[in-house]
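*Asks:* Any chance you could fold what I've pasted below:
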Amino acid sequence: QLVESGGGLVQTGDSLRLSCVASGDPFSMYIMGWLRQAPGKEREAVATIDLTSERIYYADSVKGRFTISRDNAKNMVYLQMNNLKPEDTGVYSCAGRKFMFTTKAEDFTYWGRGTQVTASV
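*Replies:* The predicted structure is shown next:
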């Protein structure tokens with residue numbers, strides 16, 4: 001089970017930190033990611049992180065502004081979002097996939113219900 005928190009309504013240029021807590025299978029077995037579902041668009045992976053935090057992927061649209069991290073001891077994954085833009089608006093879901101690194105939203109097999117992020121002009 002994956003449960004997200006930390007979303008909200010912010011102004012352009014503001015920051016938010018999303019958190020996700022995992023329960024069930026050993027967390028350290030899972031590649032973790034943050035997926036975004038924007039209005040009228042397909043769900044995309046904005047950031048993914050491997051088991052040991054050595055390999056990290058960012059979508060081009062968030063590079064330099066978002067940072068993904070994980071704490072395997074706490075079963076937590078985070079997404080620090082800085083300099084938010086209106087185009088970052090969407091539902092952000094934490095997602096997991098066993099062992100194999102991926103940059104594709106469709107490869108994840110577990111995800112939470114999501115948290116809404118809205119960046120207003």
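
*Asks:* Name the residues of stretch 3-16 that come out as buried.
*Replies:* Of the residues in stretch 3-16, those scored as buried under the neighbour-count criterion (16 or more other CB atoms under 10 Å) are 4, 6-7, 10, 16. Placement of C-beta: from N, CA and C, glycine included.

*Asks:* Nearest to Arg70 among the residues you listed?
*Replies:* Proximity of the buried residues of stretch 3-16 to Arg70 (CB to CB) peaks at Glu4, which lies at 13.8 Å.

*Asks:* What is the helix or strand bottoming out on mean pLDDT in the chain packed up against?
*Replies:* Using mean pLDDT, DSSP states H and E, the weakest-scoring helix or strand in the chain turns out to be strand 110-111, at a mean of 94. Here strand 110-111 is seen to pack against strand 90-98 when contacts are counted using 3 or more CB pairs under 8 Å, 6 or more residues apart in numbering; DSSP states H and E.

*Asks:* Strand partners (parallel or antiparallel) of the strand it packs on?
*Replies:* When pairs are called by DSSP bridges, strand 90-98 turns out to pair with strand 30-37 (antiparallel), strand 110-111 (antiparallel), strand 115-120 (antiparallel).

*Asks:* then that strand to PDB, C-alphas only?
*Replies:* The C-alpha trace of strand 90-98 is given here as PDB (Å, rounded to 0.1, in the frame of the first residue of the first chain):
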ATOM      1  CA  GLY A  90      -2.100  17.500 -11.700                       C
ATOM      2  CA  VAL A  91      -2.600  14.500  -9.500                       C
ATOM      3  CA  TYR A  92       0.700  13.100  -8.200                       C
ATOM      4  CA  SER A  93       0.900   9.400  -7.400                       C
ATOM      5  CA  CYS A  94       3.600   7.400  -5.700                       C
ATOM      6  CA  ALA A  95       4.300   4.200  -7.600                       C
ATOM      7  CA  GLY A  96       6.400   1.100  -7.200                       C
ATOM      8  CA  ARG A  97       7.800  -1.700  -9.300                       C
ATOM      9  CA  LYS A  98       9.900  -4.600  -8.200                       C
END
